[in-house]
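Participant: When you get a sec, could you give me coordinates for this:
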Amino acid sequence: MPRRRAAGFTLIEVIVVLAVLSLGLGLLALRGPPRSAALEIRAAAGEMAQALRLARAQSIARNAPVRVVLDPARGAWAVDGAAPHALPPGIALVLRVAETEALGNRLGAIRFAPDGSSTGGTIELADGHRRLRIGVDWLSGRVTLAEARSDAR
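Facilitator: Residues are numbered from 1 along each chain as shown. The predicted structure is shown next:
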């Protein structure tokens, strides 16, 4: 009667498979996470727009003005007293706010009043290929996010 061989894998086969998997994972780790410039600028614009909306809500809830300070030179912004947020490298911040809210020659701010209104303004984020515009309406304080037209500056 022929001897039956046990089903399964040999130790050598398991070691080879683990070595191939380790090599593949090592290559992925060296390459880093997949990045998309379009997703990066959209995420940054979404985060900034959400912070502006939060500042408006805080102003209404506290019944006190709340400012969002913007620093185009550093590509950073902060909501009244909170830690500053920096934009990802390669994304430029262009600021167009009311003249009364210019803080020196470098900084600008959008201030939200307790009634929901604001000083208003426009913030553009650009990465060389695309531009996104965050608009803040002065009367309602409404924050909008849209693609910036290429002919508008």
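Participant: Give me the most central residue, the chain.
Facilitator: residue 44 (1.8 Å; Cα atoms, centre = their mean).
Participant: and that residue, what is it in contact with?
Facilitator: 87, 88, 91, 125 (Cβ atoms under 8 Å, 6 or more residues apart in numbering). Where you see a C-beta, it was placed from the backbone N, CA and C, and this is true even at glycine.
Participant: any chance of the residues you listed in CSV, with distance to residue 107 too?
Facilitator: Formatted as CSV, the contacts of residue 44 follow (distance: Cβ to Cβ, whole Å):
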residue, distance to residue 107
87, 15
88, 20
91, 18
125, 17
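Participant: Of the residues you listed, which belong to strands?
Facilitator: Mapping these onto strands (DSSP state E) picks out residue 125.
Participant: of the contacts of residue 44, buried ones?
Facilitator: 87, 91, 125 (16 or more other Cβ atoms under 10 Å).
Participant: Kindly reformat these as CSV containing distance to residue 132 and pLDDT.
Facilitator: Output for the buried ones among the contacts of residue 44, formatted as CSV (distance: Cβ to Cβ, whole Å; pLDDT from 0 to 100):
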residue, distance to residue 132, pLDDT
87, 11, 94
91, 9, 93
125, 5, 95
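Participant: from those residues, which single one is nearest residue 119?
Facilitator: Nearest to residue 119 among the buried ones among the contacts of residue 44 is residue 125, at 19.5 Å by Cβ to Cβ.
Participant: Can you give me the distance of the closest one to residue 106?
Facilitator: For residue 125, the distance to residue 106 equals 18 Å [Cβ to Cβ, to the nearest Å].
Participant: Then residue 25?
Facilitator: With the distance defined as Cβ to Cβ, residue 25 ends up 45 Å from residue 106.
Participant: same deal with residue 126?
Facilitator: 18 Å.
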